[in-house]
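>>> 3D, please:
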Amino acid sequence: MNQQIVMLVLILVVFYFFMIRPQMKKQKELKKFRESIKVGDKVVTIGGIHGKILELNDTTVLISSEGSKIRLDKSAISTSSEDLLSAVK
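Down below sits the predicted model:
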């Protein structure tokens, strides 16, 4: 019985360090990125739209993409175009 409890606790600890903790860290970094964006930054949305930020509000962002203007929620911003290009190289 004690061995089963120890094994269960060990599995939970491994699960925490390999699954939950990295995900929480990634969420914090994404939140920090979204708070640091400014007008003129080139970004990529979660839908794959590449654009340049024209206007920032508390919860929304206006981006320009190939002549079109799109208003999106800040949570739809995925990454910076510069980060994407540096990852490819």
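>>> what is the burial count for Gly51?
22 (other CB atoms under 10 Å). Glycine gets a C-beta too; all of them are placed from N, C-alpha and C.
>>> so for the protein, the centremost residue is which one?
Residue closest to the mean C-alpha point of the chain, counted by CA atoms, centre = their mean, is Leu30 at 3.7 Å.
>>> what is the mean pLDDT for whichever helix or strand that residue is part of?
Taking DSSP states H and E as the criterion, the element that holds Leu30 is helix 21-36. Taken as a whole, helix 21-36 carries a mean pLDDT of 93.
>>> buried stuff in that helix?
Within helix 21-36, no residue is scored as buried using 16 or more other CB atoms under 10 Å.
>>> cool, and stretch 48-63?
By neighbour count, and taking 16+ other CB under 10 Å as the criterion, the buried residues in stretch 48-63 are Ile49, Gly51, Ile53, Val61, Leu62, Ile63.
>>> from Leu56, how far out is Glu82?
Noted for Glu82: a distance of 18 Å to Leu56, by CB to CB, to the nearest Å.
>>> er, Gly47 I mean
Distance, Gly47 to Leu56, by CB to CB: 19 Å.
>>> can you give me the strands in the chain?
Taking DSSP state E as the test, the strands found in the chain are 42-45, 50-56, 60-65, 68-73, 77-80.
>>> minimum distance to Ile20: which of those strands has it?
Checking the strands of the chain against Ile20 by CB to CB gives strand 77-80 as the closest, at 21.6 Å.
>>> that closest one pairs with which strands, and in what direction?
Strand 77-80 pairs in its sheet with strand 42-45 (antiparallel), by DSSP bridges.
>>> export the partner strand as PDB, just CAs?
Only the C-alpha atoms of strand 42-45 are listed here, as PDB (Å, rounded to 0.1, in the frame of the first residue of the first chain):
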ATOM      1  CA  LYS A  42       5.200  43.600 -36.800                       C
ATOM      2  CA  VAL A  43       3.200  40.700 -35.300                       C
ATOM      3  CA  VAL A  44       1.700  37.400 -36.200                       C
ATOM      4  CA  THR A  45      -1.800  36.400 -35.000                       C
END
